[in-house]
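*Asks:* what's the 3D shape of this:
(chains A and B)
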Amino acid sequence: MPALVEARNLHKVYRADGVETPALRGVNFSARRGEFTAIAGPSGSGKSTLLHLLGGLDLPTEGEVWLDGERLDDKGAVARARLRLWKVGFVFQAYNLIPVLTALENAAFVLELRGLPARERSERARAALAELEMEGYASRKPNQLSGGQQQRVAVARALAAEPAVIFADEPTANLDSKTGRALIEYMKRLNREKGVTFIFSTHDPRLLEHVRRVVHLEDGRIVGEEERG
Amino acid sequence: MWTLAWKNVGRGRGRSLVTAGAVAAVVALMLVMYGFSGAVLNGMFQNLTRTTGHLVLRVKNAESVREFDLSLVRGVPELKAAIARALPEADVEAVLEVPALLAGETRSRGVVLLGLEPDGHLMKELVDKYRVRGAPPADGDGWSAALGLALAQALQVDVGNPVYAFAPGTDGLGAAAFTVSAVLDLPESTLEARTAALTLQAAQELAAPDAASRIVVFLPWLKTLRQADRLEEARTELAAVVPEDYEVLTWREAQPALAAILDMMGPMLLIYAVIFFVLAGLLVVNTVYLGLVERIREFGVIIALGADRWRIMRLVVLESLLLVTSGAAVGGVLGGLAVWRLAQGFSLPGTLAQQYAEFGLPVVMYASITPGQVLQVFAFAVLTAIASALWPAWLAGRLEPVEAMRHVA
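*Replies:* From the prediction side, this is the model:
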């Protein structure tokens, strides 16, 4: 099966005020459709940078990024945005909800960007919120929700769009254990039943227990990989 | 995006209210200005055409003809009859202007003797309306004349005194004695100092039997400046029935200087509109730009979720449009109410009304605005919204998602 996501000899160097800071140093990575993969590593190892590059949020200094058979790193901002809209879901470490929108509107936001009819996006967003036990908070705004609740809405926003791959940056870090377990179960079910590919950056042991594959990153290099039954 | 844009407009509530309020004020002000200018233009048009008529029949190129007898329209009764057949609704009057020397007992002045039909519009407008004392000139046993107040003072005469007119080299009597029947306080001081009105018959017998300087046509259905097409149609109909030696002018051609003054009003208002909307636009730019700066992180998230730069730019422009059109809607209602109120009739405050009457403004005016002018004001508002949002939208469209999401306001 061809890789859904692939990085070839990926380098990323941040430049600021004449100072170069390498974040990734020749990373080769691939994930097939339907995988449930974690990228683990200490803070500053380059996990978030790798997710950003794989998701087309940023461009590598060197190397190639492929998503669903399309090369990302040679595409312009508009083409990459279009790919993100239709194929990629993001869950950020910070909640990153839009403060003026309700939980339901936030969950439906990507669907609105896709131009879906109001009724359909509302139904799908409500279903996603229900999966995360947030249906009772649909009309609340982010500032009326706890941190954990906001993160669950952010997850619902990614899940509602049912993208080909979801990149999640520490998705369970701010969730209580019950919600964390529910979230993981929902994602596993989505992975199993709909074939959605999940790629996480995490060191949450609850999440690592459920992944089939863990890629270890350190100082911008892959230092190990393990497959689990 | 509509929901988000609308909610974003309400975010910086104080700032948005001030900006929308400024737009509302500009829109209301422009509507009132357009309504007021409509009142002034229509008032001036009506005042002007009350004395010049809507159409004028005269000798071709009359302004360049030096000889008095060559400047005259001959066969006035026949021409009036032909005009009445071509334009049955029109009121038609002949006017004879005779350059003459007018003398009192001790003093004399060069004047224009204005021969007017006794029961015509012009006798009412130029004599009746401005009569300080005495009675309008009439055909009777003796000839009489109404003198401008300044002229009467210069000749040291008053109502009941005799004056003597000399018009040598003309086809009429060339000289005649008149009794001052009235003194006129005319709105234009220069006119007042050199005008004496008499009956058309008296003027003709003095200088040009059966002739006139011009035949003036009043079209009762012509009420506003905007009926130019109908005026042109009437001119064409009239031109078809007059001899080749004569020409038919519209009031515009007969009074080009005054017509030019009226025509200046439109461009002047346009300049005012541009200035006001540019000022309002600066406020809108400020509001939209600050809204962008405060939400850079949020824009980063929206871009990360799949919005391309064009969609981001559209969002910024949409926010600006919603902000401005909200203000414009409020301003439209307020301005519309003000124009409606002024359309019932209004006067300039204090002595201004009398002072401006000198320039042809009526004392009571009626605001008037066209749908085109209303559309123009709202089009300006929309243009302001778009133009004000272009720069912030361009900045927002250039944001890189990762950098933007790291931004701390």
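*Asks:* Would you mind measuring from the one residue in chain A that gets nearest to chain B to B:Leu305?
*Replies:* Chain B sits closest to A:Leu85 of chain A, with a gap of 2.7 Å, by C-beta to the nearest C-beta. In short, each C-beta sits where N, CA and C put it, glycine included. The spacing between A:Leu85 and B:Leu305, counted by C-beta to C-beta, to the nearest Å, is 7 Å.
*Asks:* what's the answer for A:Ala168, then?
*Replies:* 14 Å.
*Asks:* shared neighbours of the two, anything?
*Replies:* Contact criterion C-beta atoms under 8 Å, 6 or more residues apart in numbering or on different chains; residues shared by A:Ala168 and B:Leu305: A:Phe90.
*Asks:* Just the buried residues of stretch A:124-135, please?
*Replies:* A:Arg124, A:Ala125, A:Arg126, A:Ala128, A:Leu129, A:Glu131, A:Leu132, A:Met134 (16 or more other C-beta atoms under 10 Å in any protein chain shown).
*Asks:* Could you do stretch B:280-288 as well?
*Replies:* So for stretch B:280-288, counting by 16+ other C-beta under 10 Å, buried means B:Ala280, B:Gly281, B:Leu283, B:Val284, B:Val285, B:Thr287, B:Val288.
*Asks:* same deal with stretch A:146-159?
*Replies:* Quick answer for stretch A:146-159 (16+ other C-beta under 10 Å): A:Gln149, A:Gln150, A:Gln151, A:Arg152, A:Val153, A:Ala154, A:Val155, A:Ala156, A:Arg157, A:Ala158, A:Leu159.
*Asks:* Let's see which of those residues end up in strands.
*Replies:* Among the buried residues of stretch A:146-159, none falls in strands (DSSP state E).
*Asks:* Nearest to B:Gly120, out of these: which one, please.
*Replies:* Of all the buried residues of stretch A:146-159, B:Gly120 sits closest to A:Arg157, with 82.9 Å by C-beta to C-beta.
*Asks:* I'd guessed the closest one sits against A:Val110; true?
*Replies:* Yes. The criterion here is C-beta atoms under 8 Å, and A:Arg157 meets it with A:Val110 at 6.2 Å.
*Asks:* any residues in contact with both of those two?
*Replies:* By C-beta under 8 Å, 6+ apart, the residues touching both A:Arg157 and A:Val110 are A:Gly89, B:Leu305.
*Asks:* just checking, A:Arg84 touches A:Gly55?
*Replies:* Yes. Under the criterion of C-beta under 8 Å, A:Arg84 makes contact with A:Gly55 at 6.5 Å.
*Asks:* anything in contact with each of the two?
*Replies:* Joint contacts of A:Arg84 and A:Gly55 (C-beta under 8 Å, 6+ apart) are A:Phe90, B:Ala304.
*Asks:* The helix or strand containing A:Arg126 near chain B anywhere?
*Replies:* Element membership of A:Arg126, judged by DSSP states H and E, is helix A:118-131. No. Against chain B, helix A:118-131 shows no contacts by C-beta under 8 Å from any C-beta of the partner chain, the least distance being 9.6 Å.
*Asks:* packing partners for that helix?
*Replies:* helix A:103-107, helix A:109-113, helix A:147-160 (3 or more C-beta pairs under 8 Å, 6 or more residues apart in numbering or on different chains; DSSP states H and E).
*Asks:* relative to helix A:147-160, how tilted is that helix?
*Replies:* Per axes from the mean of the first three to the mean of the last three C-alpha atoms, to 10 degrees, the angle that helix A:118-131 makes with helix A:147-160 is 130 degrees.
*Asks:* And A:Phe200, how far from A:Gly89?
*Replies:* 12 Å.
*Asks:* Between the two, which contacts overlap?
*Replies:* Taking C-beta under 8 Å, 6+ apart as the contact rule, A:Phe200 and A:Gly89 both touch A:Phe167.
*Asks:* ok so, going back, of the buried residues of stretch A:124-135, closest to B:Thr19?
*Replies:* For those, the nearest to B:Thr19 is A:Ala125 (32.5 Å; C-beta to C-beta).
*Asks:* got a list of what that closest one touches?
*Replies:* Contacts of A:Ala125 by C-beta under 8 Å, 6+ apart are A:Leu104, A:Glu105, A:Ala107, A:Ala108, A:Leu111, A:Ala156, A:Arg157, A:Ala160.
*Asks:* Give me the distance between the residue nearest to A:Asn96 when sequence neighbours are not counted and B:Met1.
*Replies:* Nearest residue to A:Asn96, sequence neighbours excluded (C-beta to C-beta, 6 or more residues apart in numbering or on different chains): B:Val301, at 4.5 Å. From B:Val301 across to B:Met1, the span is 14 Å (C-beta to C-beta).
*Asks:* neighbour count winner among these two?
*Replies:* For B:Val301 and B:Met1, the more surrounded residue by other C-beta atoms under 10 Å in any protein chain shown is B:Val301, and the numbers stand at 23 against 17.
*Asks:* Quick check: the residue of the stretch 251-400 of chain B nearest chain A.
*Replies:* Closest point on the stretch 251-400 of chain B to chain A, by C-beta to the nearest C-beta, is B:Gly306, at 2.7 Å.
*Asks:* Report the buried residues of the lowest-mean-pLDDT helix or strand in chain A.
*Replies:* Lowest on mean pLDDT, DSSP states H and E among the helices and strands of chain A sits helix A:205-208, with a mean of 73. By 16+ other C-beta under 10 Å, the buried positions in helix A:205-208 come out as A:Leu207.
*Asks:* ok, now stretch B:107-115?
*Replies:* Within stretch B:107-115, the residues that count as buried by 16+ other C-beta under 10 Å are B:Arg109, B:Val111, B:Leu113, B:Leu114, B:Gly115.
*Asks:* Same question for stretch B:287-298.
*Replies:* Across stretch B:287-298, burial judged by 16+ other C-beta under 10 Å covers B:Thr287, B:Val288, B:Tyr289, B:Gly291, B:Leu292, B:Arg295, B:Ile296, B:Arg297, B:Glu298.
*Asks:* Would you mind identifying the next helix or strand past the longest helix along chain A?
*Replies:* Longest helix of chain A, by residue count under DSSP state H: helix A:177-194. Next along the chain after helix A:177-194, taking DSSP H and E as the criterion, comes strand A:197-201.
*Asks:* Which strands or helices does that next one pack on?
*Replies:* In terms of contacts (3+ C-beta pairs under 8 Å, 6+ apart), strand A:197-201 is packed against strand A:3-16, strand A:19-32, strand A:36-40, helix A:47-54, strand A:165-169, helix A:177-194.
*Asks:* Among the ones you listed, single out whichever gets nearest to B:Ala328.
*Replies:* Short answer: helix A:47-54, nearest of the helices and strands packed on strand A:197-201 by C-beta to C-beta, at 42.2 Å.
*Asks:* mind listing what the helix or strand just after the closest one pairs with, with the direction of each?
*Replies:* Going down the chain from helix A:47-54, the next helix or strand is strand A:62-67, by DSSP H and E. Partners of strand A:62-67 in the sheet, by DSSP bridges, are strand A:3-16 (antiparallel), strand A:70-71 (antiparallel).
*Asks:* ok so, going back, residues in contact with the longest helix of chain A?
*Replies:* A:34, A:36, A:131-133, A:148, A:152, A:155, A:159, A:162, A:166, A:171-172, A:175, A:196-198, A:204, A:206-207, A:210.
*Asks:* Just put the strands paired with strand A:62-67 in TSV and tack on mean pLDDT and mean neighbour count.
*Replies:* Listed next are the strands paired with strand A:62-67 as TSV, based on pLDDT from 0 to 100; neighbours: other C-beta atoms under 10 Å in any protein chain shown:
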stretch	mean pLDDT	mean neighbour count
strand A:3-16	91	18
strand A:70-71	91	13
